[in-house]
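J.: Mind folding the following:
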Amino acid sequence: QVSGGDDEIQQLQKALLDYLDENTETDPSLVFSRKFYIAQWFRDTTMETEKAIKSQKDEDSSEGTHHAKDVETTGQIMHRAESRKKFLRSIIKTAPYQFSTLKMNSDTVDYEDACLIVRYLASMRPFAQSFDIYLTQ
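T.: Down below sits the predicted model:
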């Protein structure tokens, strides 16, 4: 159960990283998976921020005038991206064995839940969202 809101993705990411951290003793390859996910999410956040800045500049040059509402939206995207980066940096600085002490709730994620989380987070990626377009073309 996730409480919703802007933190939903971050909470799911944290739950998945908790699961990977708990099972690194049984499967050492999960250490690599954990590092890969952190790096990929950091890259995605950076790309999202760059796209927001680029779209902001494109709108400025094409329209001539700019609405305050659009600036606020871009500001919100930048703020959310910075909070995600801060979260990921804090995870990187934390040793894997210490990460389990930072859990948000005492419930552990089992294998099936971890698979669901991975599928959900993968569905949020641009390729998965545009897959129907690729099939249509």
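J.: neighbouring contacts of stretch 117-128?
T.: Stretch 117-128 is contacted from outside by 9, 12-13, 15-16, 19, 44, 109, 129, using CB atoms under 8 Å, 6 or more residues apart in numbering. All C-beta spots, glycine's among them, are computed from the backbone N, C-alpha and C.
J.: filter these to the buried ones?
T.: With neighbours counted using 16 or more other CB atoms under 10 Å, those contain these buried positions: 9, 12-13, 15-16, 19, 44, 109.
J.: quick one: which of those residues is nearest Ile53?
T.: Asp44 (15.2 Å; CB to CB).
J.: ok, back up a step: could you export the contacts of stretch 117-128 as TSV, including pLDDT, secondary structure and distance to Lys54?
T.: TSV is the format used below for the contacts of stretch 117-128 (pLDDT from 0 to 100; DSSP: H, G, I helix; E, B strand; the rest coil; distance: CB to CB, whole Å):
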residue	pLDDT	secondary structure	distance to Lys54
Ile9	82	helix	22
Leu12	88	helix	27
Gln13	87	helix	25
Ala15	88	helix	32
Leu16	89	helix	29
Tyr19	88	helix	35
Asp44	88	helix	15
Val109	82	coil	36
Gln129	68	helix	18
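J.: what stretches of the protein score poorly on pLDDT?
T.: Scanning the chain with the threshold set as pLDDT under 70 gives 1-6, 60-72, 94-107, 128-129.
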